[in-house]
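Peer 1: Structure here, sequence nowhere to be found:
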């Protein structure tokens, strides 16, 4: 029983230490300029950040971001303006703009929305049938 209690206590301390490490890396990442954060998240959107450091190379201020799984997400160096300075990523860096416009997806059918959303939309902008169109006949003057 004594061994079991020691193992539980050691496991708890280990988890607390790991949690502090994650919080520290998160705090460092949140302190980065927003353009640097955006570039890092674009390049490795699902990667867990292990460490963030800052250095200067050739007069350029750089932020070095290392990830938990270096084989899957190698470290990346980003300049203060958000441009990638150096990366070990296998894929070429993509654009830093989001793939969708800020207003959201276009072309969503009304029937794909929840019923409550459909009712609200229809109450604000009811669907009306199209107006009849009459043909226009042009006549030439003789």
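Peer 2: All right, it came through fine. Not measured: the values here are computed from a predicted model.
Peer 1: quick one, strands of this structure?
Peer 2: In the chain, strands defined by DSSP state E lie at 49-57, 60-67, 76-79, 84-87, listed in chain order.
Peer 1: tell me the angle the longest one makes with strand 60-67.
Peer 2: Taking axes from the mean of the first three to the mean of the last three Cα atoms, to 10 degrees, strand 49-57 and strand 60-67 form an angle of 160 degrees between their directions.
Peer 1: average pLDDT for strand 49-57?
Peer 2: Strand 49-57 shows a mean pLDDT of 88.
Peer 1: Can you give the strand pairings for that strand, parallel or anti for each?
Peer 2: Its sheet considered, strand 49-57 pairs with strand 60-67 (antiparallel) by DSSP bridges.
Peer 1: follow-up on the earlier one: most tightly packed of the strands of the chain?
Peer 2: Highest mean neighbour count among those (mean count of other Cβ atoms under 10 Å): strand 76-79, with a mean of 21. Bear in mind the C-beta positions are built from the backbone N, C-alpha and C, glycine included.
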